[in-house]
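A.B. asks: I'd like to go over a predicted model; first the sequence, then the structure.
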Amino acid sequence: GNEFSNAAVSGAAPAAPAVPVDDGGFGKMSQEVQYQLMEAAGLKPGPNVSLALAVDKFRREKTKEVLLYIFFLFLFTTSTYLQRDVTDAHAYLTEVKTSILDEPFPGLTYRKRFEDIRTEDDLWLYLNNVIPNYLFEKSDGAIDFVLAVNVVVQAPRLRQVRVKKLPGSSCRLVPRIDEIETCFPPYSDANQETEPIFGWPPGRMIPYSTSTDLNTAWYGTGILAYDGGGYALDFPLNTTRNEMVAAMQYLRQNRWTDTQTRALFFDFVMFNPMERFFLSCRLLFEFLPYGRIHTVPSFRVMRIGLDSNRDYAVFVLDGMTYCMIVYYIYKDFQTWQFLGGARYWKAKWHWLNWIIYSIFTVAAVFKLRYWLISFQWTRGDPSLDATQAVFDFEAHGWTYSQIWNWTAFNSIFVWLKAFGYFKYVGDRMSHLASTVIQASNDISIFLFFFGLVVFAYTQAAHTAFGTDVASHRSLANSFFQHCFILMRKFEGQFDPVKEINVYLGPILLISFEMLCVFGLSRLTIAILSKHYANMKDVGEDDAMTVEFRTTMYRRLGRARHRFMDFFLWRPRDDVAMFRQERDREMEAIEDRESKPKKRRKKDLGLDPAAVRALQKHLTHVQDGVQVLQDKVGKLYKRYAAHGLVHDDEEEDEGDVANQVQAFEDEIKEVKTQPVPGNKTVLPPTWRVMEGDDGSIFYFNVETRKVQWDPPMVMSAVAPAEEVIEVQDLEEEEA
């Protein structure tokens, strides 16, 4: 038997009789579909579990789930937007970067900027002129305000990373070249120099300090990654402009940087009291092994601490967001226990859920670390800031940026999950959402194959042209260059590779464009188009979604009418509402009858639901014909009993059969018109229902429509002459 019926299971006590609830045709579904519906509602088969109960529970749970996720989206978007003022931070950062990086070197006949530094002379010219002009707005003042309002938070630091001087035998030489006396290896942790060097003021020796001593993290934004240790020289905040210029000149004249130098860092931090922004500025000068200097600037804007009611409110919103994430994890864990591992992981939306949870967890770890360090610094001793750089704002800014990198990445998946609820909006949105889900497997396989092809061309271009073409100097740069080609940015791509290799360059570039740009990139559209066409042909196969969507539309319609009745001063008494509803239905019927029927050019394939409805309608028509036949027979017998049928006009049984057949033919030609029904005369698909307050309403079990007035029934209209004839006959009998 059907394990989802209302009957009790074998061996169990019979369940108490329940109020009959129409299941909307769900009982005619297959066993597998019914199991899926019960599964979606979170119910298991049992003696007191029916399909109608599953429908009701699914409707309530899904409504709560949709509304809760809308609230979650509001919390997530609001807290993310308020926690980081991107617009003002961008304006502040742009102004500072322009002042530092685009400031020309003084005393030169040509324009030279930060990015043009290539030699040691360029480096010291920049440190001796541009940096003092920026940090000291007054020629005789100390380090105080920058750009009139920005406060320097702690002492600026100049840090050098050096390597050991190795004997010439350790250099990598070929036999033809004579041995070199001294070798200066590339930077590595094992090759770092740890012997003291001279510093400032004159006569002072600077010892090597580890990253723990300097409270500085490693840095990997440049060509190489550098440890946080080195030789640090801090400039107290009471240092004047002349003292800093003198220090730079002394260090340059005594060759503080030489062939053992591998990196030079200059760090300073500013605070803007108007916007409460902290700005960490780091200028890196890499001394490359082949004799040139490579510059890398780094600027990080952040906010530290909670200083206003707005900060506390945003902190509460963020906490509420993570509380909802914990709630969602708990609900998913319950679903996993109910379905089991195999059925749970079969749903692709569950994979998306755990991707979101994982990213939120990573972001939460960065946030916890950031806030703990921030509170520790804001409650620390401020007297040390004037003489030394005690806090690594660069590393703290990196943690701050990671929070928003992961949050920005997660926002894609959070809003993508909302796409799964679009199927409850309408059938078109349902088709689109189902298409994406069904096509995900094919698209994943295609993207994997597509990625292999792009990486193959990336490796080929990097190997062949990386030495001569800057855009292919590394695998990452070559990969991004091929991504630009996929976005149809062909300018400047052909000539550089053609100059290097007149045959291989065009072959690689043209074949990549033909294969990926004009071939594989269009395959994604073909996959989606195929699945969308299949979805439209098959139609909606999720009965719970259809039922939920119909119910929500009905409830929204009621809410809309109530809203309009309340705010637009429409009649609100029951009689007026009933009349308006009846008038609207009659107008709709008249409009449908008055409009000419147009031939449809679309496919004439029959919908199974429409065929079942037509069969049911034909059955009702056959029942009506049988009732009319019985009435005709009774009327004939009545006429014969009153002598209205003469003996010479009496027919045999065969003639009576012919007469009945004639009556049936006339019945088929009888015209009908819609007339209001009542509690006892209703169309076959309508039921009389009683609400909790005793009010009577009418419910259609097929269309799920609810209305106050009795539905219209079809009544036969007899010709005028026949009506007169029957009336005369009745008068004669009287």
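C.D. replies: On my side now, so go ahead.

A.B. asks: all contacts plus neighbour counts: C-alpha atoms, from now on.
C.D. replies: Noted.

A.B. asks: for the one helix or strand residue 482 maps to, what is the average pLDDT?
C.D. replies: Assigned by DSSP states H and E, residue 482 belongs to helix 475-486. For helix 475-486, the mean pLDDT works out to 85.

A.B. asks: C-alpha coordinates for it, PDB please?
C.D. replies: The C-alpha trace of helix 475-486 is given here as PDB (Å, rounded to 0.1, in the frame of the first residue of the first chain):
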ATOM      1  CA  LEU A 475      53.300  32.300 -15.500                       C
ATOM      2  CA  ALA A 476      50.900  34.600 -13.700                       C
ATOM      3  CA  ASN A 477      51.400  37.500 -16.100                       C
ATOM      4  CA  SER A 478      51.100  35.200 -19.100                       C
ATOM      5  CA  PHE A 479      47.900  33.700 -17.700                       C
ATOM      6  CA  PHE A 480      46.400  37.200 -17.200                       C
ATOM      7  CA  GLN A 481      47.500  38.100 -20.700                       C
ATOM      8  CA  HIS A 482      45.600  35.200 -22.200                       C
ATOM      9  CA  CYS A 483      42.600  36.300 -20.100                       C
ATOM     10  CA  PHE A 484      42.800  39.700 -21.800                       C
ATOM     11  CA  ILE A 485      42.800  37.900 -25.100                       C
ATOM     12  CA  LEU A 486      39.600  36.000 -24.100                       C
END
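
A.B. asks: Quick one: low-confidence residue ranges for the stretch 601-734 of the chain.
C.D. replies: 601-617, 620, 639-681, 692-693, 713-734 (pLDDT under 70).

A.B. asks: what does the stretch 351-500 of the chain give?
C.D. replies: For the stretch 351-500 of the chain (pLDDT under 70), the answer is 490-492.

A.B. asks: so where do the helices sit in it?
C.D. replies: 393-418, 427-465, 475-486, 494-500 (DSSP state H, counting those that start in this stretch).

A.B. asks: Format these as CSV; extra columns: distance to residue 709.
C.D. replies: Below are these laid out as CSV (distance: least, Cα to Cα, whole Å):
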stretch, distance to residue 709
helix 393-418, 39
helix 427-465, 29
helix 475-486, 63
helix 494-500, 76
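
A.B. asks: Let's have the ones you listed in TSV, adding mean neighbour count and distance to residue 246.
C.D. replies: Rendered in TSV, the data for these read as follows (neighbours: other Cα atoms under 10 Å; distance: least, Cα to Cα, whole Å):
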stretch	mean neighbour count	distance to residue 246
helix 393-418	17	27
helix 427-465	16	47
helix 475-486	18	42
helix 494-500	16	47
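
A.B. asks: out of these, which comes closest to residue 367?
C.D. replies: Judged by Cα to Cα, the one of the helices of the stretch 351-500 of the chain that comes nearest to residue 367 is helix 393-418, at 6.3 Å.

A.B. asks: counting contacts, what elements does the closest one pack onto?
C.D. replies: Using 3 or more Cα pairs under 8 Å, 6 or more residues apart in numbering; DSSP states H and E, the elements in contact with helix 393-418 are helix 51-83, strand 277-287, strand 293-302, helix 348-378.

A.B. asks: Determine how far the second one lies from the middle of the whole chain.
C.D. replies: In other words, strand 277-287. Centroid separation for strand 277-287 versus its chain: 35 Å, with Cα atoms, centre = their mean, to the nearest Å.

A.B. asks: how big is the angle separating it from strand 293-302?
C.D. replies: Angle, strand 277-287 to strand 293-302, by axes from the mean of the first three to the mean of the last three Cα atoms, to 10 degrees: 170 degrees.

A.B. asks: Can you give the strand pairings for strand 277-287, parallel or anti for each?
C.D. replies: Partner strands and pairing direction for strand 277-287 (DSSP bridges) are strand 261-272 (antiparallel), strand 293-302 (antiparallel).

A.B. asks: for the record, mean pLDDT for the next helix-or-strand element following the shortest one?
C.D. replies: Read it as strand 293-302. Going down the chain from strand 293-302, the next helix or strand is helix 309-339, by DSSP H and E. If you average the pLDDT over helix 309-339, you get 90.

A.B. asks: Could you pull out the buried residues of the following helix or strand past helix 309-339?
C.D. replies: On the C-terminal side of helix 309-339, the closest following helix or strand by DSSP H and E is helix 341-344. Within helix 341-344, the residues scored as buried using 16 or more other Cα atoms under 10 Å are residue 344.

A.B. asks: quick revisit: deepest-packed of the strands paired with strand 277-287, please.
C.D. replies: strand 261-272 (a mean of 21; mean count of other Cα atoms under 10 Å).

A.B. asks: Need the residues that contact that strand.
C.D. replies: With contacts defined as Cα atoms under 8 Å, 6 or more residues apart in numbering, strand 261-272 is touched by 146, 149-163, 186-187, 277-289, 393.

A.B. asks: Backbone dihedrals for residue 112, please?
C.D. replies: Backbone torsions of residue 112, given as degrees, to the nearest 10, read phi -130, psi 130.

A.B. asks: Can you report how many residues lie near it?
C.D. replies: By other Cα atoms under 10 Å, 16 other residues sit near residue 112.

A.B. asks: Next up, the contacts around the spatially most central residue of the chain.
C.D. replies: Nearest residue to the geometric centre of the chain (Cα atoms, centre = their mean): residue 415, 2.1 Å. Shown in contact with residue 415 (Cα under 8 Å, 6+ apart): residue 73.
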